[in-house]
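Peer 1: Quick check, what structure comes out for this input:
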Amino acid sequence: MVLMAGFIFVVLTVTALLHIAWAFGVTWPARDEQTLVNAVLGVEGASKIPPFGLTLAVAVGMIAAGVVALWAADVVAVPLPEWVCTTVLAVLMVVFLLRGAVTYLPIPMPSVQPFYRLNHLYYSPLILAIGLGYLALLRVRWP
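Peer 2: Modelled structure (predicted):
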(Lines give C-alpha, C1' and ligand atoms only; values in the text may rest on other atoms or scores of the structure.)
Protein backbone atom coordinates (compact mmCIF):
# COMPACT_ATOMS: atom_id res chain seq x y z
CA MET A 1 0.00 0.00 0.00
CA VAL A 2 2.96 2.30 0.49
CA LEU A 3 3.67 2.19 -3.26
CA MET A 4 0.03 3.01 -4.03
CA ALA A 5 0.06 5.93 -1.61
CA GLY A 6 3.39 7.10 -3.00
CA PHE A 7 2.03 6.97 -6.55
CA ILE A 8 -1.00 9.04 -5.56
CA PHE A 9 1.11 11.53 -3.62
CA VAL A 10 3.64 12.00 -6.44
CA VAL A 11 1.01 12.38 -9.18
CA LEU A 12 -1.04 14.87 -7.15
CA THR A 13 2.05 16.81 -6.03
CA VAL A 14 3.40 17.13 -9.58
CA THR A 15 -0.04 18.23 -10.75
CA ALA A 16 -0.22 20.72 -7.87
CA LEU A 17 3.18 22.15 -8.85
CA LEU A 18 1.85 22.66 -12.38
CA HIS A 19 -1.15 24.52 -10.96
CA ILE A 20 1.14 26.72 -8.87
CA ALA A 21 3.20 27.54 -11.96
CA TRP A 22 0.01 28.32 -13.91
CA ALA A 23 -1.20 30.58 -11.08
CA PHE A 24 1.99 32.60 -11.51
CA GLY A 25 1.48 32.93 -15.27
CA VAL A 26 3.59 30.07 -16.62
CA THR A 27 1.87 28.53 -19.63
CA TRP A 28 4.04 25.41 -19.98
CA PRO A 29 3.49 22.98 -21.63
CA ALA A 30 1.45 25.21 -23.96
CA ARG A 31 2.81 28.05 -26.06
CA ASP A 32 0.31 30.62 -24.73
CA GLU A 33 -2.53 31.01 -22.24
CA GLN A 34 -5.34 30.25 -24.70
CA THR A 35 -3.69 27.01 -25.79
CA LEU A 36 -3.23 26.05 -22.13
CA VAL A 37 -6.88 26.84 -21.34
CA ASN A 38 -8.02 24.72 -24.28
CA ALA A 39 -5.86 21.82 -23.10
CA VAL A 40 -6.61 21.80 -19.38
CA LEU A 41 -10.00 23.45 -18.80
CA GLY A 42 -12.14 22.31 -21.70
CA VAL A 43 -14.66 25.07 -21.10
CA GLU A 44 -16.32 26.58 -24.17
CA GLY A 45 -15.45 30.26 -24.52
CA ALA A 46 -12.86 30.32 -21.73
CA SER A 47 -9.77 32.34 -22.54
CA LYS A 48 -8.03 32.73 -19.18
CA ILE A 49 -6.73 30.44 -16.44
CA PRO A 50 -8.92 30.71 -13.32
CA PRO A 51 -7.90 33.43 -10.83
CA PHE A 52 -4.65 33.18 -8.88
CA GLY A 53 -6.28 32.33 -5.55
CA LEU A 54 -8.54 29.64 -6.97
CA THR A 55 -5.69 27.99 -8.86
CA LEU A 56 -3.52 28.00 -5.71
CA ALA A 57 -6.43 26.60 -3.66
CA VAL A 58 -6.74 23.70 -6.11
CA ALA A 59 -2.99 23.07 -5.77
CA VAL A 60 -3.19 23.05 -1.96
CA GLY A 61 -6.15 20.67 -2.13
CA MET A 62 -4.20 18.29 -4.35
CA ILE A 63 -1.24 18.25 -1.99
CA ALA A 64 -3.57 17.67 0.97
CA ALA A 65 -5.24 14.80 -0.92
CA GLY A 66 -1.80 13.30 -1.52
CA VAL A 67 -0.97 13.56 2.18
CA VAL A 68 -4.21 11.72 2.99
CA ALA A 69 -2.99 8.85 0.82
CA LEU A 70 0.30 8.79 2.73
CA TRP A 71 -1.63 8.82 6.02
CA ALA A 72 -3.76 5.89 4.86
CA ALA A 73 -0.60 3.86 4.23
CA ASP A 74 0.85 4.85 7.63
CA VAL A 75 3.68 6.82 6.04
CA VAL A 76 2.77 10.06 7.85
CA ALA A 77 0.75 10.86 10.94
CA VAL A 78 -2.14 13.31 10.72
CA PRO A 79 -3.22 15.00 13.98
CA LEU A 80 -6.91 14.32 13.45
CA PRO A 81 -9.23 11.62 14.74
CA GLU A 82 -9.18 8.37 12.76
CA TRP A 83 -12.83 8.78 11.71
CA VAL A 84 -12.12 12.19 10.17
CA CYS A 85 -9.24 10.84 8.10
CA THR A 86 -11.23 7.79 7.04
CA THR A 87 -14.16 9.98 6.02
CA VAL A 88 -11.87 12.25 4.00
CA LEU A 89 -10.34 9.17 2.37
CA ALA A 90 -13.82 7.92 1.41
CA VAL A 91 -14.84 11.32 0.05
CA LEU A 92 -11.67 11.53 -2.04
CA MET A 93 -12.32 8.05 -3.40
CA VAL A 94 -15.85 9.02 -4.47
CA VAL A 95 -14.77 12.36 -5.97
CA PHE A 96 -11.95 10.84 -8.02
CA LEU A 97 -14.01 7.86 -9.18
CA LEU A 98 -16.93 10.07 -10.21
CA ARG A 99 -14.71 12.62 -11.98
CA GLY A 100 -12.91 9.86 -13.83
CA ALA A 101 -16.07 7.97 -14.78
CA VAL A 102 -18.16 10.95 -15.93
CA THR A 103 -16.00 11.24 -19.04
CA TYR A 104 -17.21 7.88 -20.27
CA LEU A 105 -20.93 8.37 -19.52
CA PRO A 106 -23.33 9.18 -22.36
CA ILE A 107 -23.91 12.78 -21.28
CA PRO A 108 -23.03 15.99 -23.12
CA MET A 109 -19.43 16.96 -22.40
CA PRO A 110 -17.32 19.90 -23.51
CA SER A 111 -15.75 19.22 -26.86
CA VAL A 112 -13.00 21.84 -26.74
CA GLN A 113 -9.88 20.41 -28.33
CA PRO A 114 -7.36 19.28 -27.28
CA PHE A 115 -9.03 18.90 -23.84
CA TYR A 116 -11.61 16.40 -25.11
CA ARG A 117 -8.93 14.10 -26.55
CA LEU A 118 -6.51 14.54 -23.62
CA ASN A 119 -9.29 13.94 -21.12
CA HIS A 120 -10.27 10.65 -22.76
CA LEU A 121 -6.72 9.41 -23.26
CA TYR A 122 -4.90 10.65 -20.16
CA TYR A 123 -6.73 12.74 -17.57
CA SER A 124 -9.71 10.49 -16.83
CA PRO A 125 -7.79 7.19 -16.81
CA LEU A 126 -5.27 8.71 -14.39
CA ILE A 127 -8.05 10.13 -12.21
CA LEU A 128 -9.78 6.74 -12.19
CA ALA A 129 -6.50 5.08 -11.19
CA ILE A 130 -6.16 7.52 -8.30
CA GLY A 131 -9.77 6.84 -7.26
CA LEU A 132 -9.11 3.09 -7.33
CA GLY A 133 -5.96 3.70 -5.30
CA TYR A 134 -8.02 5.51 -2.67
CA LEU A 135 -10.46 2.58 -2.72
CA ALA A 136 -7.61 0.13 -2.05
CA LEU A 137 -6.27 2.34 0.75
CA LEU A 138 -9.75 2.64 2.26
CA ARG A 139 -10.18 -1.14 2.23
CA VAL A 140 -6.93 -1.47 4.21
CA ARG A 141 -7.95 1.23 6.72
CA TRP A 142 -11.56 0.09 7.05
CA PRO A 143 -11.91 -3.59 6.15
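Peer 1: Next, the nearest residue to residue 88 once chain neighbours are set aside: secondary structure please.
Peer 2: In space, and not counting its chain neighbours, residue 88 is closest to residue 68: 5.5 Å by C-beta to C-beta, 6 or more residues apart in numbering. For the C-beta atoms, the positions are set from N, CA and C on the backbone; glycine is no exception. Judged by DSSP: H, G, I helix; E, B strand; the rest coil, the three-state class of residue 68 is helix.
Peer 1: what about residue 68, neighbour count?
Peer 2: By the measure other C-beta atoms under 10 Å, the count of residues near residue 68 is 23.
Peer 1: Over to residue 19?
Peer 2: 22.
Peer 1: wait, isn't it in contact with residue 55?
Peer 2: Yes - in this structure, residue 19 is within contact of residue 55 by C-beta atoms under 8 Å, at 5.4 Å.
Peer 1: Please name the nearest non-neighbouring residue to residue 9.
Peer 2: Excluding its sequence neighbours, the residue lying closest to residue 9 (C-beta to C-beta, 6+ apart) is residue 66, at 3.8 Å.
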